[in-house]
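K.L.:
got a structure for you, letters missing:
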């Protein structure tokens, strides 16, 4: 069997690389900074257990000799594939609490090897959990199997070797990309052709195309075609029952879309090995502006007006005052709306002007407009460093910071949803209120004022008929009881989401952590149809058991 | 039982109303005009048989007395629900060749009555064909059941009584609309709120929202969100197994989209009774321009550049020289690209300028720009009647004209598809060539020159990665053998579509006429999944048997 090496060693328990984690003195400095900036006192520094000290249960599976090069049972591999990257995953892992590691990690290097691994798993009655970047925040890759599962063991099927851009069609602006390609990996290969997918979930650095498709990831653009759903031209999936390969079509009206059943299937129907994706020329023209609002909901009204204007700004993200301050883009108590346009073909400053005018009509105070083409030639207006750049850097750094916060004794987690505009204001207020109330209660802090938790909101994606609000909670953790603490907060806010008729997730997927509310949300006949479809594609119920549906009979 | 009356009587056999059909002298004038304008000689005037002379097989079903007010077995109702509005439907019907009329026509007036009708059909082992406007051009509403069908009869379930806009949400720009609402019906109700769906398939006047959703209709906008798929916020369907109702969500990442399984289901899974649809404010700003191209494929390159520009023109339709001449928008042998922008919120003339510049770069010769707001105040440029208006009028008049052409002895039919840009030019040339060759052969005309068939192409919808070409065939019909003549042409071109990897339909649906090629096109595991889903929702196989899948066992 073969353990996979990296030039630079990835953390086995958290975000990024081993050399990016602060030492104890650094963590104590983080805790001090949290107290100064957020006002509450973290519960104390915890450092991750050493990998060598992990006490993993023995592997229950032994691969067949002809395939053994594809498998690993090393502690590092099993531990690093045991959970995703939710707060509840990190806090368990740093304490060495990993009750459900996979028995084996498989790393097939081709669709044929994927098929061979699935065949061996079927013969061995092993459950299979497809694994991309392992960045799930909803328990999507953890082998918490249903109670009635009778699987002999679990294989984490890691797609990282399927990381290539296989074909590029520069005429149609499309590329066939393997399911295990990470964000930087595929963008690097596309850049050689002057192209880009421009899909930037927060997990971009480590998550994979197959994972994005399987989980309906939300992307770069705040409006318009931004969910990965819209970028899939065709998909190829290896199901236990055989290969699923759709035609490359720009559009079709021939029956229900096959691709739309693959998209969001979360590893329950098969393994996404490659897909033709709609790509773009690299943007040449860009124009951005930040608009300040005294009231977050005036900002939300501006987002609505912009989403309904047909202007389709590439960026249209609203941070409330707390988020703006934490992310360093404003500190005067204003909410900040970042509006941006980009184009490979035509200047966009006129559209930005129209958008800014709409935001001004909603009570916003625009900053200066930054407009440039790729060579940084100004379009006649002085450019300057804008809040949008600060925001983007903070966005990508956040998962790194989170590890440090967790190890400093901070509960730090997010949740997100989507709802129609008619319900947006009242709903968002009630979510914030309930999240603040329950977090304070479970963290032994005041609800408001000095020492209270930080509960904040931003709008990440906007539609003509509604928006996706995204919430961040920061509070003192309860050492040793972090999971129960977070799970209770999560349960309380999920009940608010469900009772308001919002979705349990806009772009974080269902996994195992959202199942209860997902089951309430979907139409029951659709659940019946999905179970029937799963039985047809995965008759032995190998694929990611416990996620989305319980087909029974296994 | 109750026959439904209309203030003005709809044709039982064709498009529109009884009083819109030319008499024999009028048809002879049409035939003469065809000869003069298209060059070939129609095969002679045929007039539709009288309704009273139809020899329909007796109805095999008798409704239960408690529901009998919902059913009709009148000859007019049965005959007008026997087929759709394809060429092959019209030519059979005018000769009285209707071997498969439904035994009963049901007109439920509420979802509860839909459920009651389905329940009675299940008890009676009657197949159910959901019927909106009856404008299917693919055999979607004709009771040609599979050979192994053991149904006791067929009920055509007409949704026309479910024709209301039930709720309007002006904040989210959404409206809940019943499945049987026609284009003019729902637009009239939305207009009272200053709103519009702006979905204009060619069948707009008679087709219905439920039909559009069931068949993935293509809409008004040439680029961007135009398929009805993108406009559905949530859907409610009565399946034999129960009610399917999705949440109103602007976006979601919770598992595969339930709505996307309803969309395109073509009546095989249930009856779409209502849906929350994304609507718009009525456009205030408009700007249009026609651009002439000597070469159709230069025009196609302009469409590609525009679709890839991110400008998202509302209109971006390219007519080849023949289409331009037939539709009266150009007669000098040029292809005509109609570019249009519209907005309820902001002026659009700058975007039109950018688009026209792109078209010019591709070799086009722009006409004058027409730009105006709703009050017809010019935006600083002189407005004038444009080709776009002529084109739109011709577009909506075409189905009326078609009836007259058919009765004058003209084979007149269309087919359409979608393909990626890299294959577009060669593919379109080969489709045109094969369609011309086989049509000439089967119509006993020369392939080229005087007396040859008219075979033409336009691009109706454009995507960044491809386009939807739409083809029209006009030729002398073979009296009494029209169906075989068209079916052979259709088969020949469908083989070209299939072998090129195009879709068998971009927006006309699968129905019964496209099944053979649809079965080849879709991934086999998806067919297995769809069959399994159908069995879960429609365990007795009542719903539209023969369409999309054959679940077997009935």
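P.N.:
Arrived safely. The structure displayed is predicted, hence computed values, not measured ones. Numbers count the residues shown, from 1 in each chain, chains lettered A, B, ... in the order given.
K.L.:
contacts, neighbours, all on C-alpha from now
P.N.:
Fine.
K.L.:
what sits closest to residue A:411 if chain neighbours are left out?
P.N.:
The shortest distance from residue A:411 to any residue that is not its chain neighbour, by C-alpha to C-alpha, 6 or more residues apart in numbering or on different chains, is 4.6 Å, and that residue is residue A:477.
K.L.:
ok, the residue in the stretch 101-250 of chain A positioned nearest to chain B - contacts?
P.N.:
Closest approach of the stretch 101-250 of chain A to chain B (C-alpha to the nearest C-alpha) occurs at residue A:172, with a separation of 4.2 Å. Residue A:172 makes contacts with B:420-422, B:464-466, as judged by C-alpha atoms under 8 Å, 6 or more residues apart in numbering or on different chains.
K.L.:
how much space is there between the residue nearest to residue A:411 and chain B?
P.N.:
Taking C-alpha to the nearest C-alpha, to the nearest Å as the measure, residue A:477 falls 29 Å from chain B.
K.L.:
and that residue, what's its pLDDT?
P.N.:
If you check residue A:477, the pLDDT there is 96.
K.L.:
quick check: it touching residue A:43?
P.N.:
Yes. Under the criterion of C-alpha atoms under 8 Å, residue A:477 is in contact with residue A:43, at a separation of 5.8 Å.
K.L.:
how far out from the middle of the chain is stretch A:282-297?
P.N.:
On the basis of C-alpha atoms, centre = their mean, to the nearest Å, the separation between the geometric centre of stretch A:282-297 and that of its chain is 23 Å.
K.L.:
and if you look at stretch A:518-525?
P.N.:
Relative to the chain's own centre, stretch A:518-525 is displaced by 22 Å; criterion: C-alpha atoms, centre = their mean.
K.L.:
number of nearby residues for the residue nearest to residue A:411?
P.N.:
Residue A:477 is flanked by 27 other residues according to other C-alpha atoms under 10 Å in any protein chain shown.
K.L.:
residue contacts, it?
P.N.:
Contacts here follow C-alpha under 8 Å, 6+ apart; on that basis residue A:477 touches A:42-43, A:409-411, A:443, A:485.
K.L.:
for the stretch 151-300 of chain A, what spans make up the strands?
P.N.:
A:153-158, A:165-169, A:174-178, A:195-196, A:232-239, A:242-245, A:271-278, A:280-281, A:285-293 (DSSP state E, counting those that start in this stretch).
K.L.:
quick one, longest helix in chain A?
P.N.:
In chain A, assigned by DSSP state H, the helix with the most residues is helix A:421-443.
K.L.:
any idea of the pLDDT on the residue most central in space within chain A?
P.N.:
With distances taken as C-alpha atoms, centre = their mean, residue A:508 lies nearest the centre of chain A, 5.0 Å away. Note on residue A:508: pLDDT of 96.
K.L.:
helix, strand, or coil at it?
P.N.:
Reducing the assignment to helix, strand or coil with DSSP: H, G, I helix; E, B strand; the rest coil, the entry for residue A:508 is coil.
K.L.:
I'd say it and residue A:514 touch.
P.N.:
No. Proximity of residue A:508 to residue A:514 does not meet the contact threshold set by C-alpha under 8 Å, at 9.5 Å.
K.L.:
and for these two, which residues touch both?
P.N.:
Where contact means C-alpha under 8 Å, 6+ apart, the residues bridging residue A:508 and residue A:514 through contact with each are residue A:138.
K.L.:
first-to-last residue distance for stretch A:313-330?
P.N.:
For stretch A:313-330, the first-to-last residue distance is 22 Å (C-alpha to C-alpha, to the nearest Å).
K.L.:
right, is that stretch up against chain B?
P.N.:
No. For stretch A:313-330 and chain B, the contact criterion (C-alpha under 8 Å from any C-alpha of the partner chain) is not met; the two come no nearer than 10.4 Å.
K.L.:
okay, buried residues for that stretch please.
P.N.:
Residues of stretch A:313-330 classed as buried by neighbour count (16 or more other C-alpha atoms under 10 Å in any protein chain shown): A:313-327, A:329-330.
K.L.:
from those residues, which land in strands?
P.N.:
A:315-319 (DSSP state E).
K.L.:
from chain B, how far off is the residue nearest to the centre of chain A?
P.N.:
Here residue A:508 is placed at a distance of 7 Å from chain B (C-alpha to the nearest C-alpha).
K.L.:
enumerate the residues of the stretch 101-250 of chain A near chain B.
P.N.:
Taking C-alpha under 8 Å from any C-alpha as the criterion, the neighbours of chain B within the stretch 101-250 of chain A are A:169, A:171-174, A:215-217, A:241-250.
K.L.:
dump the residue contacts of the closest residue to residue A:172 other than its chain neighbours.
P.N.:
Of all residues beyond its chain neighbours, the one nearest residue A:172 is residue B:465 (4.2 Å), with distances taken as C-alpha to C-alpha, 6+ apart. Remark: with contacts taken as C-alpha under 8 Å, 6+ apart, residue B:465 is in contact with A:171-174, A:250, A:278, B:308, B:420-421.
K.L.:
kindly report the same for residue A:432.
P.N.:
If a contact means C-alpha under 8 Å, 6+ apart, then residue A:432 has A:455-457, A:471 as its contacts.
K.L.:
and of those, the nearest to residue B:143?
P.N.:
Out of the contacts of residue A:432, the one with the shortest distance to residue B:143 is residue A:471. That distance is 53.0 Å, counting by C-alpha to C-alpha.
K.L.:
can you map out the helices along the stretch 251-400 of chain A?
P.N.:
Taking DSSP state H, counting those that start in this stretch to define them, one finds helices in the stretch 251-400 of chain A at A:259-262, A:296-307, A:321-326, A:349-361, A:387-407.
K.L.:
just put those helices in CSV and tack on mean pLDDT and distance to residue A:525.
P.N.:
Shown next, in CSV, are the helices of the stretch 251-400 of chain A (pLDDT from 0 to 100; distance: least, C-alpha to C-alpha, whole Å):
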stretch, mean pLDDT, distance to residue A:525
helix A:259-262, 98, 15
helix A:296-307, 98, 32
helix A:321-326, 92, 40
helix A:349-361, 97, 42
helix A:387-407, 77, 38
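K.L.:
relative to residue B:427, which of these is closest?
P.N.:
Residue B:427 sits nearest to helix A:259-262 of all the helices of the stretch 251-400 of chain A, at 23.8 Å, using C-alpha to C-alpha.
K.L.:
contacts for that closest one, please.
P.N.:
Counting by C-alpha under 8 Å, 6+ apart, helix A:259-262 makes contact with A:213-214, A:229, A:232, A:234-235, A:237, A:246, A:269, B:256-257, B:260-261, all of which sit outside it.
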